[in-house]
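Novice: structure for this input, please:
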Amino acid sequence: MVIKVFLASSSGSTAIKKKQQDVLGFLEALKVDYASLDIACNEDNRMWMRENVPVEKKPTNGIPLPPQIFNEESYCGDYETFFDAKEDNAVFAFLGLPPPPGSKKREVPMEEFNGDEHTDEVEAEVGGETGEEAAEEDAAAEEKVAKEEEEEAVENTEEAAEDTKAPVKQEEAQEEVEDEEAKGEDDHPVSEGEEDLGSEEEEELRQLEEEEEAPEQEEEDE
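Specialist: Numbers count the residues shown, from 1 in each chain. Model prediction:
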């Protein structure tokens with residue numbers, strides 16, 4: 001089976017030239033045998049390509065643009081469908097070729113690219129993991145991420161609570177210090193000199209009161 005790539009060697013469109021180079025370069029990288037057929041210099045190639053591209057795959061003007069890809073007489077697709085197959089790691093299915101030995105991905109059947117439905121689901125099989133194992137690993141990874149986010153949220157909540165309590169604790173500590181200072185002043189012992197000074201003042205006050213009361217008593221006696 002030979003892969004045929006219809007292209008225009010003398011196209012004036014930069015976009016078309018780039019698409020053609022992408023297709024040929026990727027086929028060479030995969031070591032896929034292909035034949036490039038120029039529609040710019042060969043009218044037969046041009047007419048054959050236009051006639052064999054399915055009607056539903058042609059643009060609104062009815063003239064398909066290169067690159068167009070065939071497997072012998074079977075239509076594979078244009079650049080857009082080739083690019084989709086490349087992204088899905090399903091180029092061999094797109095080309096209608098068996099996957100190379102050791103391939104880790106099961107190729108999506110070609111009719112899924114050229115039919116009405118297209119699926120992005122590709123199961124892992126040869127030398128890889130099954131779809132169920134991959135799904136279980138994804139679920140475990142999501143659960144781990146969710147748990148880490150929950151633990152981080154709890155830590156942030158605790159830190160916020162500690163920040164709120166800090167000013168209250170500081171005020172309480174300040175009040176305790178002031179209470180201790182006040183208590184220390186009340187408990188401060190009075191020295192003997194202070195006691196004597198207090199006694200002398202009391203004695204003087206008592207004498208003054210007696211002196212003031214004496215004249216009043218004499219007037220009352222008279």
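Novice: mind listing the helices for this protein?
Specialist: Taking DSSP state H as the criterion, the chain carries its helices at 14-29, 43-52, 79-87, 91-95, 111-114, 131-186, 192-221.
Novice: for the first one, which helices and strands make contact with it?
Specialist: On a contact count with 3 or more C-beta pairs under 8 Å, 6 or more residues apart in numbering; DSSP states H and E, helix 14-29 meets strand 3-7, strand 34-38, helix 79-87. (Each C-beta comes from the backbone N, C-alpha and C, glycine too.)
Novice: buried residues in that helix?
Specialist: I16, K17, K19, Q20, V23, L27 (16 or more other C-beta atoms under 10 Å).
Novice: before we move on, the earlier item: can I get the helices and strands packed on helix 14-29 in a markdown table with mean neighbour count, mean pLDDT and distance to K147?
Specialist: Converted to a markdown table, the helices and strands packed on helix 14-29 look like this (neighbours: other C-beta atoms under 10 Å; pLDDT from 0 to 100; distance: least, C-beta to C-beta, whole Å):
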| stretch | mean neighbour count | mean pLDDT | distance to K147 |
| --- | --- | --- | --- |
| strand 3-7 | 22 | 96 | 49 |
| strand 34-38 | 16 | 95 | 51 |
| helix 79-87 | 17 | 95 | 32 |
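Novice: make a markdown table out of these and add distance to K58.
Specialist: Converted to a markdown table, the helices and strands packed on helix 14-29 look like this (distance: least, C-beta to C-beta, whole Å):
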| stretch | distance to K58 |
| --- | --- |
| strand 3-7 | 13 |
| strand 34-38 | 18 |
| helix 79-87 | 13 |
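Novice: what's the end-to-end length of stretch 2-16?
Specialist: Stretch 2-16 has an end-to-end distance of 23 Å (C-alpha to C-alpha, to the nearest Å).
Novice: show me the contact partners of that stretch.
Specialist: Residues external to stretch 2-16 that are found in contact with it (C-beta atoms under 8 Å, 6 or more residues apart in numbering): 17, 20, 23-24, 27, 32-41, 45, 49, 65-72, 76, 95, 97.
Novice: over to stretch 64-74?
Specialist: Against stretch 64-74 from outside (C-beta under 8 Å, 6+ apart): 1-8, 11, 16, 19-20, 23, 39, 49-50, 52-53, 57-59, 75-79, 82, 95-97.
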